[in-house]
Structure formats: C-alpha cells, structure tokens
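> give the three-dimensional model of this entry:
(one chain, ligands or ions: 1)
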Amino acid sequence: MNLTVSDLSVARGGVPVLDGVAFDLPPGRALVLRGPNGAGKTTLLRTIAGLQPAEAGRIEGAEDRIAYAGHADGLKAMLSVTENLAFWASVFGTSDIDAAVAAFDLEELRDRLAGTLSAGQKRRLGLARLMVSGRPVWVLDEPTVSLDAASVALFASAVRAHLGQGGSAVLATHIDLGLAEAEVLDVAAFRATPRAAAADEAFL
Ligand SMILES: Nc1ncnc2c1ncn2[C@@H]1O[C@H](COP(=O)(O)OP(=O)(O)OP(=O)(O)O)[C@@H](O)[C@H]1O
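Okay, the predicted model is just below:
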C-alpha cells in the first residue's frame, strides 16, 4: 500500500507553513525531505504521523501503519535497554527485539538503564524501536542527530533492510545516507503564502 499525500496544507501555531504538498510513496521506497531551517519539514512529518491535524488535503495509507521518530527519543529512563524495547514490542503487539538489538549494536548495553546511556546510544535505542514496531512506514525527523559515523552506517543499513522488506520511509535529514533509491522533495517549493485576511484583522 502506498503512502499518498495530496494537496496537503500544514500549519504550526496557527500560521500556515506549507500548501499543496503532494507525493506518492510506494513500498520499498524512501522520500528524503530537504529545505532550510524553518521550511516546514518537522511540521509536515508531524502531520503525516497524525500528531497534528492537516489544514487541508488528504493523507492516505498512514493510519496504524506509521512508526514515528522525532527529536525526542521517547525512552523510559528507569528501564533497561531490553525493557524499553520489550515495552515497545508490547505496545505494538510484536515480540522480537533481538533483531533490533543486533542491528543497532545494543548487545553490550542490554542491561543498562536508558537514562545512563550517552546521547548517541540513546538515539540508537530510539531508532531500534522502529524495527520493534513492525510498522511498514517509518517517519523520521533528523534521525542521525548525535550519531557517529559508524552508527550512521548502522542506521542506513537498517533503513535499506526495511525498504528491502517492502517497508517505506519519509525522512528529514541534512546528511547523505547513501540511499540510492531515495527520492528528494524540497519542501521550500510548497511554502505557504501568508493569509492576508488574518493580518487585516489587527486593524479592525
Ligand atoms: N511550536 C511552535 N509554535 C509555533 N511555530 C512553530 C513551532 N515550531 C516551529 N514553528 C515554526 O513553524 C515553521 C516551520 O518549522 P519546522 O520546525 O516545521 O521547520 P523545519 O524545516 O523542520 O526546520 P529545521 O530544519 O530547523 O528543523 C517555522 O517558521 C517555525 O519557526
């Protein structure tokens, strides 16, 4: 099933950010969002993930199919690495955490409390959660922040494996992950024009 976005308008804090966003993402493909700081990548990803409503337009193929990883890792500090992943496996109704532990090189950290991990280790654990979710569409906002070169390579391999298994991914990233099969969407092309009516109201 494709993730299809049509004529989508998104806003942040009541201010229009993007208008007319459209793409069609089939299984096995990745879409990389580009654009300068403040262009609207996070706002678009949050809307696709269902964390905020769209102003207009349609999103098809998203419901119950998305695993979202945003700026916050969303970890439980007082649970171990294994317990965090087991918790998420129970939330998503899956059971296998071993593949995610191996893919993100977490074996030696299994019994460590998440709160005691380094920033990059926390990020690896947060990303490992994507695999545990079993969800086909990964929506990722700057997933490589805090990762060293080796961890970026692990992450890129995990995304490639996910695509190879028929998954898909929409991700905002400023670095090249070497995903040859990825398409690029520059969100700056969809910049919303300010609504004149809203500005006029200040002078009524
Ligand atoms: N919590 C908020 N409340 C109001 N406006 C916000 C909020 N967060 C972001 N914005 C504004 O919304 C617009 C889009 O921001 P967004 O975070 O989506 O951009 P981005 O492309 O992800 O940027 P970056 O590359 O810096 O992460 C910007 O003008 C920003 O200042």
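> run through the chain and note the low-pLDDT ranges.
195-204 (pLDDT under 70).
> how about the helices in it?
41-48, 81-92, 98-103, 119-133, 149-164, 196-200 (DSSP state H).
> which one of the ones you listed lies closest to the ligand?
helix 41-48 (3.3 Å; C-beta to the nearest ligand atom). The C-beta positions use only the backbone N, C-alpha and C, and glycine is treated the same way.
> output the contacting helices and strands for that closest one.
Packing partners of helix 41-48 (3 or more C-beta pairs under 8 Å, 6 or more residues apart in numbering; DSSP states H and E): strand 3-12, strand 15-25, strand 30-34, strand 137-141, strand 168-172.
> between the ones you listed, which gets nearest to the ligand?
strand 3-12 (3.6 Å).
> ok, and what's touching that closest one?
Outside strand 3-12, the residues that touch it by C-beta atoms under 8 Å, 6 or more residues apart in numbering are 16-25, 40, 43-44, 47-48, 52, 54-62, 65, 137, 168, 170, 192.
> adding mean neighbour count and distance to residue 31 as columns, could you present the helices of the chain in CSV?
Converted to CSV, the helices of the chain look like this (neighbours: other C-beta atoms under 10 Å; distance: least, C-beta to C-beta, whole Å):
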stretch, mean neighbour count, distance to residue 31
helix 41-48, 23, 10
helix 81-92, 18, 23
helix 98-103, 17, 22
helix 119-133, 22, 16
helix 149-164, 17, 11
helix 196-200, 9, 31
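> can you lay out those as TSV showing distance to residue 69?
Converted to TSV, the helices of the chain look like this (distance: least, C-beta to C-beta, whole Å):
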stretch	distance to residue 69
helix 41-48	10
helix 81-92	11
helix 98-103	13
helix 119-133	6
helix 149-164	10
helix 196-200	33
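> please list the residues of the chain that sit near the ligand.
Contact residues (C-beta under 6 Å from any ligand atom) of the chain with the ligand: 12-13, 17, 35, 37-43.
> residues touching residue 96, list them.
89, 132.
> thinking residue 130 is in contact with residue 70, fair?
No: using C-beta atoms under 8 Å as the test, residue 130 is too far from residue 70 to be in contact (11.8 Å).
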